[in-house]
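> Sequence and predicted structure are below.
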Protein chains: 2
Amino acid sequence: MSTANDSQPTHIDIQAGIDWATPLFDAIGQLSFDGIGFTRAAYGEGEQMAHDLVAKAARDLGLRVEVDAALNLSMTLCGAAGANAPLIVGSHLDAVPRGGNFDGLAGVLAGLACAAAWQNSGRRPPRDIQILAIRAEESAWFGAQHIGSRALLGTLPVAMLDQAHRVDTGRTLCEHMREAGVNIDRLRRAEPLLDLRSIGGYIELHIEQGPLLVERELPLGIVSAIRGNRRCRRATCAGAYGHSGTMPRVLRHDAVFAVADLVVEMDALWREIEEDEGGDLVLTFGQFSTDAATHSVTSVPGHVTFSFDARSHSQEILDRVERELLAKATAIGRRRGAIFEFAPITGDPPIAMDGRLHAQLLEGCHRLSIPAASLASGAGHDAGDFAAAGIPTAMIFVRNDNGSHNPQESMDIGDFAAGVRLLTWFVGSFDSRQS
Amino acid sequence: MSTANDSQPTHIDIQAGIDWATPLFDAIGQLSFDGIGFTRAAYGEGEQMAHDLVAKAARDLGLRVEVDAALNLSMTLCGAAGANAPLIVGSHLDAVPRGGNFDGLAGVLAGLACAAAWQNSGRRPPRDIQILAIRAEESAWFGAQHIGSRALLGTLPVAMLDQAHRVDTGRTLCEHMREAGVNIDRLRRAEPLLDLRSIGGYIELHIEQGPLLVERELPLGIVSAIRGNRRCRRATCAGAYGHSGTMPRVLRHDAVFAVADLVVEMDALWREIEEDEGGDLVLTFGQFSTDAATHSVTSVPGHVTFSFDARSHSQEILDRVERELLAKATAIGRRRGAIFEFAPITGDPPIAMDGRLHAQLLEGCHRLSIPAASLASGAGHDAGDFAAAGIPTAMIFVRNDNGSHNPQESMDIGDFAAGVRLLTWFVGSFDSRQS
């Protein structure tokens, strides 16, 4: 429907938007600094403070500000007359305890900076731009992630309202939501809070939580998919204790040797899948412990507990990794006289970003001369829930040093501005490809 | 000096000695049963009870009963007139908390059964047989092993008296010793409590603490050497934490992968030394733990602590194992981006048993038609301290199932009787070889 040509949006000058929006990083950071890092509790004080500041800024900017039944904050820049279904620019404002200032916040402020740039230009984007500050994305607070987006999409399990407890207060999600002003009865109906068919697309800008962009010296990354996972939070290997000095090699049931064998064999599989086959995979044994109550320096270790986390954007690779894990554990257990148990192995499927939007973002980087690469997201994001709901979804990663969820998150405002430039171009050119 | 011929001692009927001595297993076991296993605290109630019962039995048998300044109990069967320096038959009467009934006790009762057999025969052994019930052999009580034998030999570090604390009471070794009646002033002089030049030899019967004799279906083993060790009680590997889903393979500093590499490489070295080269070695990583305060299922593990214990009767192999451990850790650390620290690596040298006595015991087994094999002792024993003091020393292992230091220790009285037969033969034939 739109007649906007591809190059037109690049003429929007974003600098005014950057200058207007970036002071909000400092303002929100100062009010959520806890002495070590930045804490913004989901459905709690810190998140509400950020919502209040962002809402006020959006009103000052002339956006239409609304709050849904789950308290997700919607700030809409009206598009050209007769515009199509809105394009959502979403992210979250909660932060893990003693976390960083940029995880989540950067995405919301990128949306506001983009809107401010459009406002400053005196022109209208081809569609309504609905900037969403989504509630409770971090699982650190209630042991459940993406609460706000799932409430919005109607996919939040109702039982979670009473079963999830905030880790610091011990009170239920329902209690904290009600205290914050959530319409609980509406959420218990588990219906979408938006007409999903009315959504044109969803885009989320987020700091990269891994080191790839820093390593490759690229300001931006375009997300190809959110990795799925195969996970066992508590696997065990049971052998038999014995005197370390008197138990010979062939008669041992040594749980440390057995689990070390498994770790090294799975690492070799990872190398094979990644280096030889070019497959996408990360493998982590984040926990590995002999039993403090029974182990000793001079005893053959009879018991080990460990965790396992595999992630890939390929369902086929995840299936293969699980199969190989179990087969190797069985073979090693037989050889070492030990018994492995994995109970349960859980998993989330990989979620692909929309192929056309992904290509469009890469093209935008090329047109705007922003160095960028396609990469998979290892962590989950609200974007995954929108994609799973069938909404065309895209993600932009901004270079960030030192990982996320810690006070050392380090995003350069120049890289942020590159992301806003791309987002602003995307907003302007979205229609020409999607309609 | 003796004219005893080799076969003469085999005519000593040991059955009367076995019948007389073995009820003491039950009597001492009943009085030290703690509801789960057998507890006989060093310089404490359980050990003293066992000493009292054994001393009374020895007096009943007509032995000369004495106690030295460290409260080691000496029970002497007088040898033939003009006998040479005594042969000591030693072991200990303390037991670890909730331990077994046979570790230590079997050796003292074997000496008494042997003495009872000689008394019953109406004949005299060629030498004085000095049965020693040695104090405080187990390190479980004061964190220091072989206290009684080292006090007797004058090799107990004086500082230990005030620095070692009993793990259950927190009180010093000195306090517990004084309460039991030890002459502390005498011990502070760190002089032998016996004229060491007057000792003809030392022999100790002990249950095997490993599974080899059970596995090979042999009632007895003749100890060739007590394994030395190389040990690191607390080694560390420091990598770097990161998000498990976003930290790629090549940029990881994964401490679990690094330590697993080391475990598997050292296991391969063990296989090579044992299977390809026929060398004596046991290797144990008894403790292996990520940091419970900072690890998580979804974090690349940044820190691991682990322990290392290598034992061999070959000093050369121990040196090589330590060299290879450090070289491999350096190479793996470089490859994995992690730093290993081993501080400190401690060690005790291997201690060979007297070659002539070892051969004599094997010959005895042959003559008495007792199936036996030569093997190394993986655990330390009082015998090691006597050997280190230059006294010709030998050890007999008796088959025992389920290891030691637990209530499931399982020694068959028939095997014990085989040990007593060998010991009785040895006592009779000792002179013919040593003089």
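Noted; the coordinates are in hand. Numbers count the residues shown, from 1 in each chain, chains lettered A, B, ... in the order given.
> how deep is residue A:49 tucked in, by neighbour count?
For residue A:49, the neighbour count with other Cβ atoms under 10 Å in any protein chain shown is 17. C-betas here are computed from N, CA, C, even on glycine.
> out of everything not next to it in sequence, what's closest to it?
residue A:31 (5.3 Å; Cβ to Cβ, 6 or more residues apart in numbering or on different chains).
> Need phi/psi at the residue nearest to residue A:341 when sequence neighbours are not counted.
Excluding the flanking residues, the one nearest residue A:341 by Cβ to Cβ, 6+ apart is residue A:236, at 5.0 Å. Main-chain torsions, residue A:236, degrees, to the nearest 10: phi -130, psi 150.
> Just the pLDDT for residue A:236.
What the model reports for residue A:236 is a pLDDT of 98.
> Tell me if I am right that residue A:229 is in a strand.
Yes. Counting by DSSP: H, G, I helix; E, B strand; the rest coil, residue A:229 is found in a strand.
> so what's it scoring on pLDDT?
For residue A:229, pLDDT reads 95.
> from what I can see residue A:12 touches residue A:428, true?
Yes. With contact defined as Cβ atoms under 8 Å, residue A:12 reaches residue A:428; the gap is 6.7 Å.
> you'd agree the residue nearest to residue A:49 is in a strand?
No. Going by three-state DSSP, the assignment for residue A:31 is helix, not a strand.
> residues in contact with it?
Contact analysis of residue A:31 by Cβ atoms under 8 Å, 6 or more residues apart in numbering or on different chains lists A:46, A:49-50, A:53.
> Give me the distance between it and residue A:48.
Per Cβ to Cβ, to the nearest Å, residue A:31 is found 11 Å from residue A:48.
> Next: residue A:107.
When residue A:107 is compared with residue A:48 (using Cβ to Cβ), they lie 18 Å apart.
> what about the two, which has more around it?
Taking neighbours as other Cβ under 10 Å, residue A:107 and residue A:48 compare with residue A:107 leading, 32 against 19.
> So the more buried one belongs to a helix, correct?
Yes. According to three-state DSSP, the state of residue A:107 is that of a helix.
> Would you confirm that it contacts residue A:113?
No. The pair residue A:107 and residue A:113 does not pass the contact test of Cβ under 8 Å, sitting 10.8 Å apart.
> Any idea what the residue nearest to residue A:341 is bridged to?
residue A:305, residue A:341 (DSSP bridges).
> thinking again about what came up before, more neighbours: residue A:12 and residue A:428, which one.
Neighbours were counted for residue A:12 and for residue A:428 using other Cβ under 10 Å; residue A:428 has more, 26 against 20.
> what about the more buried one, is that helix, strand or coil?
Classified using three-state DSSP, residue A:428 is helix.
> the bottom helix or strand of chain A by mean pLDDT?
helix A:413-434 (a mean of 88; mean pLDDT, DSSP states H and E).
> Would you indicate which residues of that one are buried?
Neighbour-count burial for helix A:413-434, with 16 or more other Cβ atoms under 10 Å in any protein chain shown as criterion, is recorded at A:415-432, A:434.
> Please apply the same query to stretch A:19-34.
Those would be A:20-22, A:24-25, A:28-29, A:32, for stretch A:19-34 by 16+ other Cβ under 10 Å.
> Verify the contact between residue A:321 and residue A:279 for me.
No. Contact criterion Cβ under 8 Å: residue A:321 and residue A:279 do not qualify, at 9.8 Å.
> Common neighbours of those two, please.
A:273, A:312.
> In terms of neighbours, single out the busier of these two.
Ranked by neighbour count (other Cβ under 10 Å), residue A:321 and residue A:279 place residue A:321 first, with 24 against 17.
> Check the gap between that one and chain B for me.
For residue A:321, the distance to chain B equals 14 Å [Cβ to the nearest Cβ, to the nearest Å].
> Three-state assignment for that residue, please.
helix.
> ditto for residue A:66
Classified using three-state DSSP, residue A:66 is strand.
> Count the neighbours of it for me.
Neighbourhood size, residue A:66 [other Cβ under 10 Å]: 12.
> Pretty sure it sits against residue A:59.
No. Using Cβ under 8 Å, residue A:66 makes no contact with residue A:59, being 11.1 Å away.
> and the closest residue to chain B within the stretch 51-200 of chain A, what does it touch?
Residue of the stretch 51-200 of chain A nearest chain B, by Cβ to the nearest Cβ: residue A:139 (9.4 Å). By Cβ under 8 Å, 6+ apart, the contact set of residue A:139 is residue A:145.
> cool, residue A:347 as well?
With contacts defined as Cβ under 8 Å, 6+ apart, the neighbours of residue A:347 are A:228-231, A:318, A:322.
> part of a helix, is it?
No. Going by three-state DSSP, the assignment for residue A:347 is strand, not a helix.
> so what's it bridging to?
With DSSP bridges as the criterion, residue A:347 is bridged to residue A:230.
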